[in-house]
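*Asks:* Okay, sequence plus prediction incoming.
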Amino acid sequence: MQENKYFEDAFKVYERGVNIFKYPHVKDIWVTYLSKFVKRYGKSKLERARELFEHAVETAPADAVKQLYLQYAKLEEDYGLAKRAMKVYDEATKAVQNEEKLSMYEIYIARAAEIFGVPKTREIYEQAIESGLPDRDVKTMCLKYAELEKSLGEIDRARGIYVFASQFPDPRTDGDFWNKWHEFEVQHGNEDTFREML
């Protein structure tokens, strides 16, 4: 049907496919359907595309939803509003499985930095840290957040993040975190802050 330019009829077949099949089999149908729909209509049927994406992510289980959310956010970045794209990334961080939350937050932060600038990422870092990530992921987020603050010249904020993050790593087994904080205090601290770290 697509080869013969019967696009609407082809999309009806996709609709039937997503209604008949269940996960995990329907995932490929959704991905193909949404890709073809966006490629065909782009900006001209944006509301319909949004409805399709909303339906797709609502019905998808946590282990299959990441790719759909990424496609959805790309649609918003390409044809919609950047603010809506950020909302989609935000929803995705809550919908994906726990093992994928860190990578989803990293994507969200990277896109926010690119679109709105680095200072906008602060609230996302804070949200990620408070979102209930596993301790090792919280530590990773804190280290990245501290690096960001250091790069912006916000030394006191970076130190505050190190202090907060120090509750997660074990000094006997996680030398990496403590070495980074040690280097930070050597570069930017004084005797008091260094003693406080120790």
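*Replies:* On my side now, so go ahead.
*Asks:* could you say what helices and strands the helix or strand containing residue 125 packs with?
*Replies:* Under the criterion of DSSP states H and E, residue 125 resides in helix 121-130. Applying 3 or more CB pairs under 8 Å, 6 or more residues apart in numbering; DSSP states H and E, one finds that helix 121-130 makes contact with helix 82-95, helix 98-116, helix 135-151. C-beta: built from backbone N, CA, C; applies to glycine.
*Asks:* so for the last one, what's the average pLDDT?
*Replies:* Along helix 135-151, the predicted confidence averages to a pLDDT of 88.
*Asks:* Check the shortest one too.
*Replies:* When pLDDT is averaged along helix 82-95, the result is 90.
*Asks:* Tell me how far the helix holding residue 125 lies from the chain's centre.
*Replies:* 11 Å (CA atoms, centre = their mean, to the nearest Å).
*Asks:* On the pLDDT front, check residue 174 for me.
*Replies:* Taking residue 174 on its own, its pLDDT is 73.
*Asks:* OK, contacts around it?
*Replies:* Residue 174 is in contact with residue 139, counting by CB atoms under 8 Å, 6 or more residues apart in numbering.
*Asks:* how near is it to residue 137?
*Replies:* 13 Å (CB to CB, to the nearest Å).
*Asks:* same question, residue 173
*Replies:* 16 Å.
*Asks:* go on, residue 60?
*Replies:* When residue 60 is compared with residue 137 (using CB to CB), they lie 22 Å apart.
*Asks:* I'd like to know how many residues surround residue 180.
*Replies:* Residue 180: 15 surrounding residues under other CB atoms under 10 Å.
*Asks:* need the contact list for it.
*Replies:* 143, 146.
*Asks:* where does it land on pLDDT?
*Replies:* Reported pLDDT for residue 180: 85.
*Asks:* same thing with the one 4 residues further on?
*Replies:* Residue 184 carries a pLDDT score of 81 in this model.
*Asks:* Can you classify it as helix, strand or coil?
*Replies:* Secondary structure state of residue 184, per DSSP: H, G, I helix; E, B strand; the rest coil, is helix.
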